[in-house]
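Asker: Prediction below, plus the sequence it came from.
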Amino acid sequence: MTESNEKTSPTPGQAAAKQASTDPVPDSDKDKAASVAAAAVSPAPTPSIPASASAGDTKRLRVAEPLWVQAFHFGGDDDTSKIDVTRDGSDVPADKADSVIEEASKHGVTIKEVSK
Amino acid sequence: MSIGDLYDADNVVVGQAAVFFNQQGVALPALSGWNTADPFDETFWTATDPDPAWSPVGATDQGWQFGADKSTQSIAIEEQSTPVGTTITAQSVTIVGSAAEDISKILALSLNARVTANAATATTPGYDELNPSDVPLYYALGLVTTNAEGFGRLIYAPKWTQLTNVSVNFRRAAEKRTYPIGFQTVCKPSDIRVINFTAAKSA
């Protein structure tokens, strides 16, 4: 089941890449120049992309307990928002990590954050 | 001297056993954590906080059965009617029972399967999915029971399989569902530890 799901469901990295493709595109160089000029009069510009939405901002989670659970699947009904956490460890968007851990606990599954 | 002087009736023991399992290779917890006043004290298994944790197999239909079945080969010579020696050709050390709790843990054990837990979504309820494997899953296993002194006994081995044939009855009211469980060691005999506690910790 785990293997078949991996075929039909994107990995966290793929999901993040797809999400990134739909995120606002960073300003062009021209816009950046204008932003720099604006920054001269406004010292604290609002970033166009929240830090939590960065494709590289992930946490590595793994299924810790119980031992007979091999993986935990979390997420929405569309494949892009589905997150798979395995016993070996999976990188998930940082802003989703707490939700995954909390939802897993409702199913009797303990998920721990591990260092990358 | 009467025959009654040749035995101690207090050594005749009736009692149950409990089985704890973990992933293969997990060492037996330190014996310093053993509670001789209560052999079934679960803190022995949880005190060292192994990852993953030891888990009790749970309730059974008629308790657990421990066995060590040996196949032997007699060494004979033409000149003698009785064997001149005996060898052990095979040995099967087993812990057998019928698990009586109908939950994902027991299904996973009885079907040689792993569980994939799925969170509920707006359109799909949460569920566990089990997929039996052609590859044997291995477990570390410990059986706990009492002994004549009351201090307890442990039987442990680091590697067992559970590949017993499964047949489950689904009845309206006649009986509960049970799942046959038969652990068998797949390790060196010397890796099997039978520990019979004989005294409490010294003061």
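Answerer: Here it is on my side, so go on.

Asker: Quick check on B:Lys105: phi, psi?
Answerer: Main-chain torsions, B:Lys105, degrees, to the nearest 10: phi -60, psi -50.

Asker: Distance-wise, check it relative to A:Ile83.
Answerer: 24 Å (Cβ to Cβ, to the nearest Å). C-beta coordinates here come from the backbone N, C-alpha and C atoms, glycine included.

Asker: B:Arg193 too?
Answerer: Counting by Cβ to Cβ, the gap from B:Arg193 to A:Ile83 is 41 Å.

Asker: Looking at those two, which one has more neighbours?
Answerer: A:Ile83 (26 against 13; other Cβ atoms under 10 Å in any protein chain shown).

Asker: elements contacting the lengthiest strand in chain B?
Answerer: Taking DSSP state E as the criterion, chain B has its longest strand at strand B:85-99. With contacts defined as 3 or more Cβ pairs under 8 Å, 6 or more residues apart in numbering or on different chains; DSSP states H and E, the packing partners of strand B:85-99 are strand B:65-75, helix B:104-110, strand B:153-162, strand B:179-185.

Asker: Show me which residues of the second one are buried.
Answerer: Which is helix B:104-110. By 16 or more other Cβ atoms under 10 Å in any protein chain shown, the buried positions in helix B:104-110 come out as B:Ser104, B:Lys105, B:Ile106, B:Leu107, B:Ala108, B:Leu109, B:Ser110.

Asker: Keep the residues you listed, but drop any that are not near chain A.
Answerer: With Cβ under 8 Å from any Cβ of the partner chain as the criterion, the buried residues of helix B:104-110 include B:Ser104, B:Lys105, B:Ala108, B:Leu109 near chain A.

Asker: Spit out the contact partners of the nearest residue to the third one once chain neighbours are set aside.
Answerer: Going back to what we said before, that points to B:Ala108. The spatially closest residue to B:Ala108, leaving aside those adjacent along the chain, is A:Trp68, at 4.1 Å (Cβ to Cβ, 6 or more residues apart in numbering or on different chains). By Cβ atoms under 8 Å, 6 or more residues apart in numbering or on different chains, the contact set of A:Trp68 is B:Ser104, B:Lys105, B:Ala108, B:Leu109, B:Arg114, B:Val115.

Asker: Just put the residues you listed in JSON lines and tack on distance to B:Gln62.
Answerer: Putting the contacts of A:Trp68 into JSON lines (distance: Cβ to Cβ, whole Å) gives the following:
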{"residue": "B:Ser104", "distance to B:Gln62": "23"}
{"residue": "B:Lys105", "distance to B:Gln62": "20"}
{"residue": "B:Ala108", "distance to B:Gln62": "22"}
{"residue": "B:Leu109", "distance to B:Gln62": "17"}
{"residue": "B:Arg114", "distance to B:Gln62": "28"}
{"residue": "B:Val115", "distance to B:Gln62": "26"}
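
Asker: Serialize those residues to CSV and add fields for pLDDT.
Answerer: Formatted as CSV, these follow (pLDDT from 0 to 100):
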residue, pLDDT
B:Ser104, 96
B:Lys105, 96
B:Ala108, 97
B:Leu109, 97
B:Arg114, 94
B:Val115, 96
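
Asker: Can you tell me which of the residues you listed is closest to B:Phe66?
Answerer: When those are ranked by distance to B:Phe66 (Cβ to Cβ), B:Leu109 comes first, at 17.2 Å.

Asker: Next, the contact list for the closest residue to the closest one other than its chain neighbours, please.
Answerer: Excluding the flanking residues, the one nearest B:Leu109 by Cβ to Cβ, 6+ apart is B:Gln162, at 5.5 Å. The contact partners of B:Gln162, by Cβ under 8 Å, 6+ apart, come to B:Leu109, B:Ser110, B:Asn112, B:Leu137, B:Tyr139, B:Ile181, B:Gly182, B:Phe183, B:Gln184.

Asker: Going by distance to chain A, which of those wins?
Answerer: Looking at the contacts of B:Gln162 and their distance to chain A, the nearest is B:Leu109, at 7.3 Å (Cβ to the nearest Cβ).

Asker: While we're on the spatially closest residue to B:Ala68 that is not a sequence neighbour, how confident is the model there?
Answerer: Counting by Cβ to Cβ, 6+ apart, B:Ala68 lies nearest to B:Val93, which is 4.9 Å off, once chain neighbours are set aside. The model reports B:Val93 with a pLDDT of 97.

Asker: Wait, B:Val93 touches B:Asp191, no?
Answerer: No - using Cβ atoms under 8 Å, B:Val93 is not in contact with B:Asp191, being 10.3 Å away.

Asker: more neighbours, the two?
Answerer: Between B:Val93 and B:Asp191, counting by other Cβ under 10 Å, B:Val93 is the more crowded of the two (20 against 12).
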